[in-house]
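Enquirer: What follows is a predicted structure for the sequence shown.
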Number of protein chains: 2
Amino acid sequence: MSEELKIVVIGGVACGPKAAARAKRCNPNAHVTLIERDEWISYGGCGLPYFLGATVKDINDLMTTSWEAVRTPEFMKATKDIDTLLGWEATKINRAEKTVEVKDVKTGEEKVLPYDKLVIATGASNFKPPMEGIDATGVFGMKTPKDAVDMQNYIKAEGVSDVVVIGAGLIGMECAEAFINWGLNVTVIEMQGSIFPQVLDPEMGAVFQNYLEGEDLNFMLNTKVEKLLVNEEGKVSAVQTDKGVVDAQLVLVAVGVRPVVNLAVEAGLEVDRAIIINEHCQTSDPDIYAGGDCVMTKHLISGQRVYSPMGSTANRQGRVIGTNITGGDLTHEGVLQTAVCKMFDWSLGATGLSERTAKQLGYDTVTCIVPGPDITHFMPGKKLIMTRLVADRKTGQILGVQIVGPGKVDKRIDTMAAALTFGVTARQLANIDLSYAPPLSSAMENLTNAANVMQNVIDGKAHDMRFEEFKSKLDSDDVVFVDLRTAHERAQKPIPAKNQLHIPIEELRARANEVPKDKEVVVFCILSTRGFEGQLILNNAGYDNVKFVQAGIQFWPLDK
Amino acid sequence: MSEELKIVVIGGVACGPKAAARAKRCNPNAHVTLIERDEWISYGGCGLPYFLGATVKDINDLMTTSWEAVRTPEFMKATKDIDTLLGWEATKINRAEKTVEVKDVKTGEEKVLPYDKLVIATGASNFKPPMEGIDATGVFGMKTPKDAVDMQNYIKAEGVSDVVVIGAGLIGMECAEAFINWGLNVTVIEMQGSIFPQVLDPEMGAVFQNYLEGEDLNFMLNTKVEKLLVNEEGKVSAVQTDKGVVDAQLVLVAVGVRPVVNLAVEAGLEVDRAIIINEHCQTSDPDIYAGGDCVMTKHLISGQRVYSPMGSTANRQGRVIGTNITGGDLTHEGVLQTAVCKMFDWSLGATGLSERTAKQLGYDTVTCIVPGPDITHFMPGKKLIMTRLVADRKTGQILGVQIVGPGKVDKRIDTMAAALTFGVTARQLANIDLSYAPPLSSAMENLTNAANVMQNVIDGKAHDMRFEEFKSKLDSDDVVFVDLRTAHERAQKPIPAKNQLHIPIEELRARANEVPKDKEVVVFCILSTRGFEGQLILNNAGYDNVKFVQAGIQFWPLDK
């Protein structure tokens, strides 16, 4: 190319700078301009809750490279030969002329930038639900470094003792942990019936919630916020809900983000909730690319368009864009909506479809939950995790995975993300050559076990009962519960079942005839290893109506 | 089936008990007999080094279920309705009559067991190289619980201070750590030129070795053991090698295992080093199945038969066998020779082909090494890992992965095992939706980064120089080394290069003309992020002969 390629990138975080830097690497002669209306570029936005909670001590740490260089416009110019317009806002895209109009946010100065290729990486903004008191002092969103700094300063200056977080999604929950770090009394209010509603199905959310309540987090679920109460100084003082009033000197509104698409809409690009792109990250205008939190992506399992704002996806798309706008040819096929979160000593993760979504999409779903130690059970330091697979009954394809617990969760989610990308079935998953060494894993890795259990369920060998059903039948006259645990285990966590028998697994074959023939039989143990064995033993002894409690009783919140 | 299905399983650890238990679960009416010539069944053999090192306190912990029931013959009968012949040895398979001859090891009593389906899970035995002194007191192998108990007792009773481990493979090295735990002076002697020679390519082995030497392990590589010196009491006192004599009151011989195939050979089954099986784990006799450490399996990348003894594979094959001998239809397609190991505060792992093996198989290999923190660089608690991919230049298929370092290695290996199972290419790997949350990972996960670097190398964008070449050129007059680090970083780890320039990456564009035009240019930084950027900047400034040091200089042992 003898003519210099002119590239304009709108948006200075994650996708934008990645696209800009990659474009320069692929075509050093390109002239690249990066436009950011806020005060910072290329910061680790997902780190903001960890600055808020003082895990990250200095807000500038989020803006630095691994060698502690701050990503200023000067740095971008010197190192990457990228021109950065910081504090400038793109106000209009003229597709016919191939120009972008920009304005200095402070001075109002205007410029018109010509482009050969344009990248829209305008990201998302916090959704601020219209309600009384929403603009009061002490009401925050969490989106920019300024939000985090302001919130921290407010806590320090105002003697905050009670915080309400509205929304139990990833950002709300990460910030809730941050507030606990400050010793505050924190209540999370969520409209839906379980926490992390976009990530975990309700039963997994309940397990995680049970843990968090032990860490002094308060929850109000199925609860609608009606308004924020404001004192005479104009500061928020409480949150009024349909279930009562909660004191709060600080309110974090974390009910989700909305893609910033106004420029794209005004330019006539195809937009459906967020900007529509193809697998080359190209919009409906072939010279305009888009990526990150302002685009729709394809879900690799369902094939449907989803809105899935994630820093990781933004970076991947940025690289694809930077390559393609300089003559390369990369694709970004889609996402699995992979998400992980660590809170206190537990973590959670999910990839693929939730059971709820899979059902909505019309799949005939099969679910199994397999708890177990995250390393060999005879090794010190083992911790439990609970792995839950959802599969398509017909094909055995794994549709989604959720894992929670104190043990190692996140990289197992990654393993499943890799497998799901290729449409793995339960049978295939069972034979993936996952690693084994006692300090790190088990001979039958948790994911292998889960795949095997899933096969047993699909094949009609394993008959499990979900916890909700188990709980609902505890008082039933028509059900007998057979406790397969040891006497010691049984003493530690008794079960309030009306009809129960205690027959340790080792004695069940010999004592099977003690089980009443005229009742539904529910066998259970701690982690359901013995449960399945017990079901088979009783089946073999002539009992047809036998189920084992899915996942055993270790993890479930029994007293709720 | 009205006739009872008679199943005989030879071998009571891993594959055997798994096959037996699965068979009973699939067909409760089957009569299953499990034969084990030693004193224990179904123990966690891979845990023996951790008992040896007193991480696991009680040898019985290796024989228990997760609810602390010991897997005795009585337990197997009561819980699983499996008959166990403990201390009985199978001496002959009569394929025509479909019987197995067995003998009580202690009493010599003999029996003949008829079978409909036979499972050979005879495992492997330690290879004991013929050499003077090999049978002396104080010379051990590590295969059975007895070995571990005897070794521990010998250490306690004999005042051992110096130990030699012969063989730097997985078992030898795990035991070496155990000996260090006892405060012993440990020397590992290895014939090959690097440690973990079956798992790591030499350069990765060198990095791990460098770490282990800091943990007081001594190594003698490229060293041949000639004989063991024995004192007048018949106890080993030293090891004589071609590089000198090493004192040792205890010698562990860990030079590998050999599949136990004598029964199969005598029965005329197809055997090539180990027993040949098909994907149903069936031998050349359709009524005889085999699995675990006595069989050959297919390597999923090369398609070739490999001998790959692993407890995890044995369990997977056991389940396939148990299913298939009771009328089911499962397959075990093969392995990736996945291996992981934790030693002190580091770990290592590999899956797929090593570079060496891939080259031997005729692949045109491309290698990249990408070090980086295992979680977001601004989070506390981050640790480094070094990820090394080997790909096929032509197709971009990832052939193998090796990772070492203090950070989280093992589950990244699992993620790659899942991806390699499906023939993942570098381009595909780059877009797998791996998880991101700052306490757990980076927005650009290490595996994503590695995939991107691999693409850059394959595409001819990135020109890296391997560490060996870098080291060999430090004194060259024809090479100039451009240090892209900060002054602070530079002061911490100076490089002994004859011709060197210090130009921090931020200044390189402006000062590119300071770099001599008549020399080969080698740029470097700590982790090679800046190295690649520097190469591109100099390319753009008209320098053609520029390379960056692969992986930077952080991990490499510079002073060797």
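Expert: Arrived safely.
Enquirer: And the pLDDT at A:Ala350?
Expert: On pLDDT, A:Ala350 comes in at 98.
Enquirer: so which strand or helix has A:Lys77?
Expert: Using DSSP states H and E, A:Lys77 sits in helix A:73-80.
Enquirer: quick check, stretch A:109-126 touching chain B?
Expert: No - judged by C-beta under 8 Å from any C-beta of the partner chain, stretch A:109-126 and chain B are separated, with a smallest distance of 13.7 Å. C-betas here are computed from N, CA, C, even on glycine.
Enquirer: got the residue ranges for the helices in the stretch 401-550 of chain A?
Expert: Using DSSP state H, counting those that start in this stretch, the helices of the stretch 401-550 of chain A run over A:410-421, A:426-431, A:446-458, A:467-472, A:487-492, A:505-511, A:529-540.
Enquirer: so which of these gets nearest chain B?
Expert: With distances scored as C-beta to the nearest C-beta, the stretch of the helices of the stretch 401-550 of chain A nearest to chain B is helix A:410-421 (2.8 Å).
Enquirer: May I have the closest one as CSV, with CA atoms only?
Expert: Taking Å, rounded to 0.1, in the frame of the first residue of the first chain, the C-alpha atoms of helix A:410-421 are listed here in CSV:
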residue,chain,number,x,y,z
ASP,A,410,-11.9,-21.9,37.4
LYS,A,411,-9.5,-23.9,35.2
ARG,A,412,-11.9,-26.8,35.2
ILE,A,413,-14.4,-24.4,33.6
ASP,A,414,-11.7,-23.6,31.1
THR,A,415,-11.2,-27.3,30.3
MET,A,416,-14.9,-27.5,29.7
ALA,A,417,-14.9,-24.4,27.6
ALA,A,418,-12.3,-26.0,25.4
ALA,A,419,-14.3,-29.2,25.2
LEU,A,420,-17.6,-27.4,24.6
THR,A,421,-16.1,-25.5,21.8
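Enquirer: how about it, does it get close to chain B?
Expert: Yes - Helix A:410-421 reaches chain B (C-beta under 8 Å from any C-beta) through A:410-419, A:421.
Enquirer: hang on, the earlier thing: could the helices of the stretch 401-550 of chain A be laid out in TSV, adding mean neighbour count and mean pLDDT?
Expert: Listed next are these as TSV, based on neighbours: other C-beta atoms under 10 Å in any protein chain shown; pLDDT from 0 to 100:
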stretch	mean neighbour count	mean pLDDT
helix A:410-421	28	98
helix A:426-431	23	98
helix A:446-458	24	97
helix A:467-472	17	95
helix A:487-492	12	94
helix A:505-511	18	95
helix A:529-540	23	95
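Enquirer: right, and those helices - which one's nearest B:Lys117?
Expert: Proximity to B:Lys117 (C-beta to C-beta) singles out helix A:529-540 among those, at 19.4 Å.
Enquirer: how about that closest one, does it get close to chain B?
Expert: Yes - interface with chain B: helix A:529-540 contributes A:529-530, A:533, A:536, A:539-540 (C-beta under 8 Å from any C-beta).
Enquirer: List the contacts of that helix.
Expert: For helix A:529-540, contacts defined as C-beta atoms under 8 Å, 6 or more residues apart in numbering or on different chains pick out A:372, A:453, A:456, A:461-464, A:482, A:484-485, A:505, A:508-509, A:512, A:515, A:521, A:523-525, A:546-549, A:552, B:25, B:28-29, B:65-67, B:79-80.
Enquirer: What subset of those residues is buried?
Expert: Neighbour counting with 16 or more other C-beta atoms under 10 Å in any protein chain shown marks A:372, A:453, A:456, A:461-464, A:482, A:484-485, A:505, A:508-509, A:512, A:515, A:521, A:523-525, A:546-549, A:552, B:25, B:65-67, B:79-80 as buried within those.
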